[in-house]
Structure formats: C-alpha cells, structure tokens
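>>> Next come a sequence and a model predicted from it.
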2 protein chains.
Amino acid sequence: MIRLVIVDDHPIVRGGLRDTFADAEDIVVVGEAGDGAEGIERARSLAADVVLMDLRMPTMDGVAATAALRERAPDVRVLVLTTFDSESDVLPAIEAGAIGYLLKDALPDELTHAVRAAARGESVLAPSVTQHLMGQVRRPGAGTLTDREKQVLQLVANGSSNREAAAALFIGEASIKTHLQHIYGKLGVRDRASAVAEGYRRRLLT
Amino acid sequence: MIRLVIVDDHPIVRGGLRDTFADAEDIVVVGEAGDGAEGIERARSLAADVVLMDLRMPTMDGVAATAALRERAPDVRVLVLTTFDSESDVLPAIEAGAIGYLLKDALPDELTHAVRAAARGESVLAPSVTQHLMGQVRRPGAGTLTDREKQVLQLVANGSSNREAAAALFIGEASIKTHLQHIYGKLGVRDRASAVAEGYRRRLLT
DNA sequence: GTCGGGGTCCACCGATCGGTGGATGCGGGT
DNA sequence: ACCCGCATCCACCGATCGGTGGACCCCGAC
C-alpha cells in the first residue's frame, strides 16, 4: 500500500486529487497540507511513501519543501504536480530532488501511474518537461544568446514592438521575429513576456 | 548663436540631426561624438551650449555622461534624444540632470525649438515623458502593485497567457486583462513584456 | 570544400493581446 | 453616509504576436 500525502494550497485541487486516488486500491491518501512547511511535517509524521507537491504556495514554496524533505526524510519520494512547465520552475524542482514532474492537465490515470512509479523510485515526467530537460543536455551552450539576440531581447524588455525593435536595429521586422523564435527556443519559453523574465533570471538583461 | 554637440552612436542618426540643424540659422553643430566619454570631451573643448544626448550607447551611456557633464561643465545643457520612453530610462536621465527629454520620433521643428528652449534653460519634454513624470508625482504610491496585480504579473512572467493566468487564479480572463491594464498604468509601460521587465527592475518579481 | 551557425528576409494564418468604456460588489476611511 | 480603491466581469475592435516552413548570404571550422 502506497501512503500518499498531498501538498497544495488550493482546497479544491486537494479535493480533486483525493477523489482521483479514491479509485486506486493500492494508494491511500494519509494526509494533506496547504503549504510547504505543513507538508514536510505531514510527510514525516505520517510516514509517507510519496508526496504530491505543488510548487507555487504561500510562505514556503514547493521547491524549498522538496529540498528540505530530501534532507530530513530521504526515503520520501517527492512528485511535483504543478501548472507551470517553464524552465525556471522545472530545473530548480529537479535540482531540489523531485523524482517526477507532472502538470495539472494530467489525466487521473497518468497521475496514479506516476504515483506508483514514484513509489518504485522511477521518474515520470510530463512530455513538455522532458523536452526542457533534453534541451538542457542536448545544447550545452543553450541559454547562451548571441549578441544580436541579446540586443533584441533588451529592446523587447524596454517596450519595443517588433516593428520598433526592427527600426532601432535598422533591420526588417521579419528578422526580429526570427530572432525572437530563436530566443524562445533557447530559453524554453513561448512568448516575449516570459523571455524577458528568463532574461532577467539569467542576468542577460539589465 | 547656439553651439550644439551631437552625441549618438549611430552615424546615420548623427547625419540626420546635422541636416536638421543646417536649416536653423541660430544653431551651429560644432561637434559630434559616438559615445558618452567622447561626448563629454567634445562638449567641454568645443564650449558647447547644448548637448543632444542619446541614452543607449556603448562603453559610456548617456545617463552616465549627463551626470558627468553636470559635474564638470554645469553650464552645458543636456537635452536627451532617444528612442525609449520607459520610466527606467526617463527617471535616471532626469535625475542625472538632463534639462529636456525628447523621443526620436520628434519632428525637425520640435527639435530645433527644443534646442533653443534648452539653451534658454527651459525644459522641453516629449508628451509621453511628461505623462511619466506626472505619474510620479500624482501617485506617490505609484509603482506599488496590489497583491493581486503582483500575482498576475508573476504568472505572466512565468509564461502564462491571459487564459492560463485566469485559470491559475480561478477568475475570469477579463479580470486578468483589467489587472494588466492597471499594471501597465502603474509601471508606465504598454505591453506585458516590458511590464515584466519593470517588475524585475523594481524587484517585484523573482 | 562543404558544413554549420549566425544574421537577414519572406508569406500566411490563427491566436492573443491591448484599448476603450463601461458595470458590479465589497470594504475601509472621512 | 459617502466615496474611493480593489477586485471582478463584459463586449468589441484593430493591432500585434507566434507558428510554420522556408530562403539567401557570409564566414569560420573541420
């Protein structure tokens, strides 16, 4: 029997998860928590096998909680279940010691399978997360924007539209779009707003 | 006769400006420079009345050059002429001692008038810049996003579309749009990408 | 010499965003 | 009692963006 603890700050989400695992005869939800600190306490006192961990939570977030659990209760497997799959969420969570990373659009079936896999010590990743990870290894130089790309990103961060950025660099609008596509690919994002965010996180922008 | 020095790293822009002032009988362009350090030197050695200063330049930017000029040649009026009007450009430039702030979409006529005004010690600001400044005084609490607005901005920075952010916060897409409009107003930007940038600059985002 | 990466450009399309001008309800402050 | 800030929601529109699948040129490395 797999002893599961659910950590998520939304009661509604917790309810949905509880229902999901009600059908699984080999999984029992032994506890719930609304933030990271509480989650750590529950996981330890209830002798959890697997913790289903949200990332964005008040007071103590999922990454910090995961890291703390790895330290204080190394036998507990932490399975991240969150809404976001940007690199800035995925990589810290993996580094912190999460054994799996699923997105909240996962089907109930996928969820129960993932919990069983986690209990066996196997890793389960959402497809888009897998891509991010592959991107990290496939391209050792990934995250290295060219000078031109940095210029474009800086202009976008300063409020330029594609047209304005093109004018500022004396090139065509199409080139700006191409540069941005390359930037999205390298940073693992889908739009200019999160590209700017990643730019600041990686200290590419001022 | 007003002695003018042009500081801009693009030769083409310098050329255009030179042409612009060729028609003004009371203004003579006595020198040009391609970066801030050079601009300071020219402004002093050529006894400039007014310096037309670009902000984004290699090696020494316009803000640093303006501050240095105020220090070492307080009689020289610095008139900023740049492409950008985000708060993070405007405020430092004004603080550094610029007497005016124009955008590069200004008409030649506006430019010559502004140079004459600067020579007389009067301030000329581009309309959108004036708005930024007024925003600074009118709202002492400006730049203070509400908790909800910070949540929205954080989600946008993490790559959420409006729809996704709405789902994450359990509210409607229309509310996300409204929050974003408020955020744009408070941060003095026009789109989500530069809102994210301002968020990082003001340390509202992680 | 050719292969790959960087930079530039094109067309087309659907999706999303930004702008505007509202409206409602709640709570705190005067 | 009233007003204002905050949060929520609506509709409509044009502008912009993101996705795709190319293309060309230049240059340096192998």
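Received, thanks.
>>> so what pLDDT did residue A:134 get?
On pLDDT, residue A:134 comes in at 44.
>>> who in chain A is up against chain B?
Residues of chain A lying close to chain B by CB under 8 Å from any CB of the partner chain are A:10, A:12, A:83-84, A:86, A:88-89, A:156-161, A:164, A:167-168, A:170, A:189-197, A:200, A:205. No exception for glycine: its C-beta is placed from N, CA and C like everyone else's.
>>> of the residues you listed, buried ones?
The neighbour-count test (16 or more other CB atoms under 10 Å in any protein chain shown) marks A:83-84, A:86, A:88-89, A:156-161, A:164, A:167-168, A:189, A:191-197, A:200, A:205 as buried among the residues of chain A next to chain B.
>>> Could you give the bridge partners of the closest residue in space to residue A:21 that isn't next to it in sequence?
Spatial nearest neighbour of residue A:21, excluding adjacent residues (CB to CB, 6 or more residues apart in numbering or on different chains): residue A:27 at 4.9 Å. On the basis of DSSP bridges, residue A:27 is bridged to residue A:2.
>>> got the contact list for residue A:124?
Contacts for residue A:124 (CB atoms under 8 Å, 6 or more residues apart in numbering or on different chains) come out as A:79, A:100, A:101, A:102, A:113, A:114, A:117, A:118.
>>> again with residue A:163
Counted by CB under 8 Å, 6+ apart, residue A:163 has contacts residue A:173.
>>> element containing it, please.
Per DSSP states H and E: residue A:163 is located in helix A:162-169.
>>> So which bits of the helix ranked longest in chain A are buried?
The helix that spans the most residues within chain A, counting by DSSP state H, is helix A:173-187. For helix A:173-187, the neighbour count (16+ other CB under 10 Å) marks A:176, A:179, A:180, A:183, A:184, A:186, A:187 as buried.
>>> Show me what the next helix-or-strand element following it is packed up against.
Next along the chain after helix A:173-187, taking DSSP H and E as the criterion, comes helix A:192-201. Under the contact criterion of 3 or more CB pairs under 8 Å, 6 or more residues apart in numbering or on different chains; DSSP states H and E, helix A:192-201 touches helix A:87-96, helix A:147-157, helix A:173-187, helix B:147-157, helix B:192-201.
>>> how about these in TSV, adding distance to DNA strand C and mean pLDDT?
Below are the helices and strands packed on helix A:192-201 laid out as TSV (distance: least, CB to the nearest atom of the strand, whole Å; pLDDT from 0 to 100):
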stretch	distance to DNA strand C	mean pLDDT
helix A:87-96	18	69
helix A:147-157	3	89
helix A:173-187	3	87
helix B:147-157	8	89
helix B:192-201	4	90
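>>> what's the closest of these to residue A:67?
Closest approach to residue A:67 among those is made by helix A:87-96 (4.2 Å; CB to CB).
>>> for the following helix or strand past the closest one, packing partners?
Counting by DSSP H and E, the next helix or strand C-terminal to helix A:87-96 is strand A:100-103. Counting contacts by 3+ CB pairs under 8 Å, 6+ apart, strand A:100-103 is packed against strand A:77-82, helix A:87-96, helix A:108-119, helix A:127-138.
>>> near DNA strand C, which residues of chain A?
A:146-149, A:166, A:169, A:171-175, A:177-179, A:191 (CB under 7 Å from any atom of the strand).
>>> Can you name the two of the residues you listed that sit furthest apart?
A:147 and A:191 (22.4 Å).
>>> for the residue with the largest distance to the centre of chain A, what are its contacts?
Here chain A reaches farthest from its C-alpha mean at residue A:170, the gap being 37.7 Å by CA atoms, centre = their mean. Residues near residue A:170 by CB under 8 Å, 6+ apart: residue B:12.
>>> separation between it and residue A:176?
11 Å (CB to CB, to the nearest Å).
>>> same question, residue A:161
9 Å.
>>> repeat for residue A:113
Distance from residue A:113 to residue A:176, by CB to CB: 43 Å.
>>> and if you look at residue A:151?
10 Å.
>>> what is in contact with those two at once?
Common neighbours of residue A:151 and residue A:176 (CB under 8 Å, 6+ apart) are residue A:169.
>>> hmm, which helix or strand of chain A has the shakiest average pLDDT?
Within chain A, no helix or strand scores below helix A:127-138, which has a mean of 51 by mean pLDDT, DSSP states H and E.
>>> Flag the shaky bits of chain A, pLDDT-wise.
A:85-88, A:91, A:95, A:127-143 (pLDDT under 70).
>>> can you do 80?
A:58-59, A:70-71, A:74, A:83-97, A:105, A:121-145, A:188, A:203, A:206 (pLDDT under 80).
>>> Contacts only, for residue A:145.
A:153, A:183, A:186, A:187, A:204.
>>> helix, strand or coil for it?
Judged by DSSP: H, G, I helix; E, B strand; the rest coil, the three-state class of residue A:145 is coil.
>>> distance of it from DNA strand D?
For residue A:145, the distance to DNA strand D equals 15 Å [CB to the nearest atom of the strand, to the nearest Å].
>>> One more: residue A:21?
29 Å.
>>> Quick check: that residue touching residue A:112?
Yes. Contact criterion CB atoms under 8 Å: residue A:21 and residue A:112 qualify, at 6.7 Å.
>>> Now the common contact residues for those two.
Contacts common to residue A:21 and residue A:112, judged by CB under 8 Å, 6+ apart, are residue A:27.
>>> does residue A:13 really touch residue A:54, like I thought?
Yes. The pair residue A:13 / residue A:54 is scored as a contact, 7.4 Å apart, by CB under 8 Å.
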